[in-house]
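Chemist: okay, structure incoming, though there's no sequence with it:
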């Protein structure tokens, strides 16, 4: 029997926080996950719903040879141009939001009582808070974020800090949280225990 009202749990955290690791732990324990970042990639893939709006707004230079968004070129463009960033978000966020709602509805129809929605920009996107029953924030020290991303992506510290500067501040994420999962230092067993605690509460 399908649930008419599914419990929506938002999951977020800064780059390098371990948000995705916690998400996969929860999936392994049977909680379905809707990944906003994966949906964003689908929307900007060849024939994705966002490609023609991006082409009209920004021009052919931002579409690669395969017909997908040229993510590196766009990232460079919006980092130095706040109005371009807002324009891109105004194009893509409604498309991504609609797809997320469709995935949540599908999950509810399959009979699940709860769904985890991994939203990197949850705090930055004001409309999400009212549509979620609970917000989980994965948190760690900023120095830990920098160390992890430098090791994982093989990038310079200045590049990591530039990415972090374009995300919500740590204090803003913590203020938005119903549940805070501390993932500092690197301790997967401790993270697993917190994942289990989320399921049992």
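Modeler: That came through fine. This one's a predicted model, so the numbers in the text were calculated from it and none came from an experiment. Numbers count the residues shown, from 1 in each chain.
Chemist: what pLDDT does the closest residue to residue 123 other than its chain neighbours get?
Modeler: Using Cβ to Cβ, 6 or more residues apart in numbering and skipping the chain neighbours, the partner closest in space to residue 123 is residue 168 (4.0 Å). Just so you know, the C-beta spots here come from the backbone N, C-alpha and C atoms, and that holds for glycine as well. In this model, residue 168 is scored at 93, pLDDT.
Chemist: who's in contact with the residue most central in space within the chain?
Modeler: Residue closest to the average C-alpha location in the chain (Cα atoms, centre = their mean): residue 120, at 2.4 Å. Neighbouring residues of residue 120 by Cβ atoms under 8 Å, 6 or more residues apart in numbering: 12, 19, 36, 37, 167.
Chemist: out of those residues, which one has the weakest pLDDT?
Modeler: Lowest pLDDT among the contacts of residue 120: residue 167, 90.
Chemist: give me the neighbour count for the closest residue to residue 46 other than its chain neighbours.
Modeler: Once flanking residues are discounted, residue 46 sits nearest to residue 67: 3.7 Å by Cβ to Cβ, 6+ apart. As a burial measure, residue 67 scores 12 neighbours (other Cβ atoms under 10 Å).
Chemist: in the helix or strand encompassing residue 173, which residues are buried?
Modeler: When elements are assigned from DSSP states H and E, residue 173 belongs to helix 170-176. Within helix 170-176, the residues scored as buried using 16 or more other Cβ atoms under 10 Å are 170, 173, 176.
Chemist: narrow the contacts of residue 120 to those in strands?
Modeler: Using DSSP state E, residue 12 are the members of those that sit in strands.
Chemist: what's in contact with stretch 175-185?
Modeler: 12-13, 17-18, 21-22, 122-123, 129, 134-141, 144, 174, 190-191, 194-195, 198, 201.
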